[in-house]
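Novice: mind looking at a prediction? Sequence and model below.
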Amino acid sequence: MIMMTTMMIMTTTIIMEEKDNSKLKKRSFWRVLLDGLCSFAVWLSRAIIKTTGFDNLPEDGKFLMVSNHVSAYDPIILVHLLKKQRMMFVSKPENFKIPICGFLMRKSGFKAINRESPREALPTIYESAEVLKTGTPVVIYPEGTRNKEPEKGLLPFHNGVFKIAKRANAPVYVCATIGTEKISGNMPWRRTDVEFKIVDIIDSEFVAANQDKQIGDRVYEALNREIYS
């Protein structure tokens with residue numbers, strides 16, 4: 001009962017903030033619920049979040065954000081952090097089958113991508129690029145799935161995801177996610193220090209002039225340097 005009451009209060013607060021801030025784009029009822037659910041999950045996780053570089057994200061919202069993926073909490077925290085930007089996630093189809101959360105993701109415009117078939121992934125990539133052109137940030141994990149053994153290094157990238165930025169003529173913001181894999185083992189009794197840090201900004205000129213693999217190599221190097229050096 002206490003948990004439900006807390007979630008209702010947090011969701012109501014988000015709705016009030018939406019009404020008070022005329023600069024924000026209109027959010028659907030379902031997106032407000034999703035944002036509230038993620039903020040509640042972040043509060044429940046007791047994570048202490050440190051961010052670096054998030055204050056300098058483009059105001060027009062036209063950017064692709066990519067990150068390493070080590071925990072189920074990664075997208076939850078990013079939705080919470082990018083609440084005002086109302087980012088759109090591109091995620092694996094399995095996530096859309098999660099009760100309640102999957103429904104809210106679909107209603108909020110998140111898109112599923114087939115990681116196993118580049119040809120079947122193309123429509124999602126093209127649709128995501130069109131969304132990005134409108135000024136809605138797009139977030140995707142190039143590894144394609146959660147890395148269950150992050151101590152062994154990054155997983156291989158699906159470089160085709162960078163076509164989203166190329167087609168939208170948008171920069172790529174590279175975010176290093178650090179420490180979230182410890183949340184599940186610590187909660188609810190201990191807090192967890194986590195960090196989300198912008199470690200590289202790949203401008204649209206570089207994106208346009210290089211192939212997907214070259215962009216992926218630069219992203220891989222930036223994340224590897226920050227996380228494992």
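Specialist: Yep, it's here. Just so we're clear, the structure is a prediction, and the values are computed from it rather than from any experiment.
Novice: which strand runs longest in this protein?
Specialist: strand 192-202 (DSSP state E).
Novice: mind giving me the packing neighbours of that strand?
Specialist: Judged by 3 or more Cβ pairs under 8 Å, 6 or more residues apart in numbering; DSSP states H and E, the packing partners of strand 192-202 are strand 47-52, helix 73-81, strand 172-178, helix 183-186, helix 212-228. Where C-beta positions appear, they are placed from N, C-alpha and C, glycine not excepted.
Novice: tell me the buried residues in the first one?
Specialist: Along strand 47-52, the positions that meet the burial threshold by neighbour count (16 or more other Cβ atoms under 10 Å) are Ala47, Ile49.
Novice: now find how far off-centre the helix or strand just after that strand is within its chain.
Specialist: Next helix or strand after strand 47-52 toward the C-terminus (DSSP states H and E): strand 64-67. Computed by Cα atoms, centre = their mean, to the nearest Å, the separation of strand 64-67 from the middle of its chain amounts to 7 Å.
Novice: just checking, what packs against strand 64-67?
Specialist: Counting by 3+ Cβ pairs under 8 Å, 6+ apart, strand 64-67 packs on helix 73-81, strand 138-140, helix 163-168, strand 172-178.
Novice: so for it, mean pLDDT?
Specialist: The pLDDT scores in strand 64-67 average 98.
Novice: buried ones in it?
Specialist: Buried, per 16+ other Cβ under 10 Å, within strand 64-67: Leu64, Met65, Val66, Ser67.
Novice: so how many other residues sit close to Leu44?
Specialist: Neighbourhood size, Leu44 [other Cβ atoms under 10 Å]: 13.
Novice: and it, what pLDDT?
Specialist: Turning to Leu44, the model gives it a pLDDT of 96.
Novice: pretty sure it is touching Met187, no?
Specialist: Yes. Counting by Cβ atoms under 8 Å, Leu44 does reach Met187; the two are 7.3 Å apart.
Novice: what does the next helix or strand after the longest strand of the chain contact?
Specialist: Later in the chain than strand 192-202, the nearest helix or strand by DSSP H and E is helix 204-209. If you take Cβ atoms under 8 Å, 6 or more residues apart in numbering as the criterion, helix 204-209 is touched by Phe162, Ala165, Lys166, Asn169, Ala170, Pro171, Val172, Ile215, Arg218.
Novice: how close does the residue most central in space within the chain sit to Met187?
Specialist: Nearest residue to the geometric centre of the chain (Cα atoms, centre = their mean): Val139, 4.3 Å. Look at Val139 and Met187: by Cβ to Cβ, to the nearest Å, they are 23 Å apart.
Novice: where does the prediction get shaky in the chain?
Specialist: In the prediction, the chain carries residues with pLDDT under 70 at positions 1-27.
Novice: at 90 what do you get?
Specialist: Along the chain, segments meeting pLDDT under 90 span 1-28, 84, 115-118, 229.
Novice: I'd assumed Lys92 was in contact with Phe110.
Specialist: No. Judged on Cβ under 8 Å, Phe110 makes no contact with Lys92 at a distance of 11.0 Å.
Novice: and those two? Which one has more around it.
Specialist: Taking other Cβ under 10 Å, Phe110 and Lys92 do not tie; Phe110 has more neighbours (23 against 16).
Novice: how about that one: what's its closest non-neighbour residue?
Specialist: Phe89 (4.7 Å; Cβ to Cβ, 6 or more residues apart in numbering).
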